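Undergrad: Coordinates for the following, if possible.
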Amino acid sequence: MTDSFVLRIPDVELEPEPLDPAQIVSGTPEVTGKVVWESADGRQIRGIWQITPGVVTDTEADELFVVVSGSATIEVEGGATLRVGPGDLAVLRAGDRTTWTVHETLRKAYAINL
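TA: Residues are numbered from 1 along each chain as shown. Down below sits the predicted model:
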């Protein structure tokens, strides 16, 4: 998309984004998402992402996100433990190794810089 736009985040239909089985610590979490904007060079991405309950690990990109619904606890290896829920804005740094414990299906809008 090149024009300005608006989306109602709770209503956006998301597509499956299968997790690497090595990332799953417990449960059967499922991820869906949708990229809604990407810069021409692919270094800036904006989108919506959702994960169902479970525990997963990840290595983060430089990301700012706002939780729309659900809740999770994000443990940053060697750093803070973040508890996020609706209305919370969070920032993750590139290279952060995280463990996400998703308590209830979490949907977020994000901006990633690569």
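Undergrad: which residues touch Asp58?
TA: Gln23, Arg97, Thr98, Trp100 (CB atoms under 8 Å, 6 or more residues apart in numbering). C-beta coordinates here come from the backbone N, C-alpha and C atoms, glycine included.
Undergrad: again, 7 Å this time
TA: Going by CB atoms under 7 Å, 6 or more residues apart in numbering, Asp58 touches Gln23, Thr98, Trp100.
Undergrad: Just the buried ones among those, please.
TA: In terms of neighbour count (16 or more other CB atoms under 10 Å), the buried residues within these are Thr98, Trp100.
Undergrad: Throw the contacts of Asp58 into JSON lines and include secondary structure and pLDDT, thanks.
TA: As requested, these are exported to JSON lines (DSSP: H, G, I helix; E, B strand; the rest coil; pLDDT from 0 to 100):
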{"residue": "Gln23", "secondary structure": "helix", "pLDDT": "98"}
{"residue": "Thr98", "secondary structure": "strand", "pLDDT": "98"}
{"residue": "Trp100", "secondary structure": "strand", "pLDDT": "98"}
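Undergrad: Go through the contacts of Asp58 and say which is closest to Ile45.
TA: Thr98 (18.0 Å; CB to CB).
Undergrad: gap between Arg46 and Arg97?
TA: For Arg46, the distance to Arg97 (CB to CB, to the nearest Å) stands at 24 Å.
Undergrad: give me the number of residues near the closest residue to Pro18 other than its chain neighbours?
TA: Nearest residue to Pro18, sequence neighbours excluded (CB to CB, 6 or more residues apart in numbering): Val31, at 7.3 Å. Per other CB atoms under 10 Å, the neighbour tally for Val31 reads 18.
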